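>>> I'd like to go over a predicted model; first the sequence, then the structure.
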Amino acid sequence: MLAQLVALAEHEKVVGIGETGLDYFYEHSPRDAQQRNFRAHIEACRESRLPLIVHARDADEDTADILEDEMGNGDYPGLIHCFTAGPDLARRALDIGFYISISGIATFKNATELRETIQSIPLERLLVETDAPFLAPVPHRGKRNEPSFVADTAAMLADLKGVSTEELARITSDNFFTLFSKAKRPVSL
Ligand SMILES: [Zn+2]
């Protein structure tokens, strides 16, 4: 599987590997199989130098343990996508050089704890994402999510971090192109 993944990752349109990780909420496959595949994807990132896109649900501790353990075999870049975990996973991910990507969940009324955690994440490690067609941000909740709604999540993040929306957009775009170094930056960005 590893050689095939690395070969496929050479395609010019492949800029990252994932999403992968651990989901103990749905548990579609047994935990040991999830962990094995997760480690294989990390190895593929290490070889291809593409960033790892990590999904973690109800599995913060194991996710952080595997990410840290694998760093011991050689570093690799990555992010935690659709971040909803607590401050512990945030800190451990930041400590290994990862970025943290925030979805519309952060705009939800009851996401107070998540917003607190986001305040501890440095701007230069933040990304913003849609997770479309899911998780439409306030004020579009209940609708089918679409990429343009990411502006609402970005506006909330800017507010939270005390910067202008333009500044937030500029920094998160820079972060994206730093992490996804294979993605070509449009002239307008
Ligand atoms: Zn996910």
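In hand now; what should we look at? Numbering: from 1, shown residues only.
>>> Number of residues surrounding residue 185?
12 (other CB atoms under 10 Å). From N, CA and C alone the C-beta is placed, and that goes for glycine too.
>>> if I read this right, it contacts residue 177, doesn't it?
Yes. Using CB atoms under 8 Å, residue 185 is in contact with residue 177, at 5.0 Å.
>>> for stretch 101-110, which positions count as buried?
101-108 (16 or more other CB atoms under 10 Å).
>>> Throw those residues into JSON lines and include secondary structure, pLDDT and distance to residue 92, thanks.
Below are these laid out as JSON lines (DSSP: H, G, I helix; E, B strand; the rest coil; pLDDT from 0 to 100; distance: CB to CB, whole Å):
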{"residue": "101", "secondary structure": "strand", "pLDDT": "98", "distance to residue 92": "16"}
{"residue": "102", "secondary structure": "strand", "pLDDT": "97", "distance to residue 92": "17"}
{"residue": "103", "secondary structure": "coil", "pLDDT": "96", "distance to residue 92": "20"}
{"residue": "104", "secondary structure": "helix", "pLDDT": "96", "distance to residue 92": "24"}
{"residue": "105", "secondary structure": "helix", "pLDDT": "95", "distance to residue 92": "20"}
{"residue": "106", "secondary structure": "helix", "pLDDT": "95", "distance to residue 92": "19"}
{"residue": "107", "secondary structure": "helix", "pLDDT": "95", "distance to residue 92": "25"}
{"residue": "108", "secondary structure": "coil", "pLDDT": "95", "distance to residue 92": "24"}
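>>> Closest one to residue 94 out of these, please.
Comparing the buried residues of stretch 101-110 against residue 94 with CB to CB places residue 101 closest, at 12.6 Å.
>>> what is the closest one paired to in the beta sheet?
residue 127 (DSSP bridges).
>>> List the residues that contact it.
The contact partners of residue 101, by CB atoms under 8 Å, 6 or more residues apart in numbering, come to 79-83, 126-129.
>>> Looking at those residues, state which has the most neighbours.
Among the contacts of residue 101, the one with the most neighbours (other CB under 10 Å) is residue 80, at 28 neighbours.
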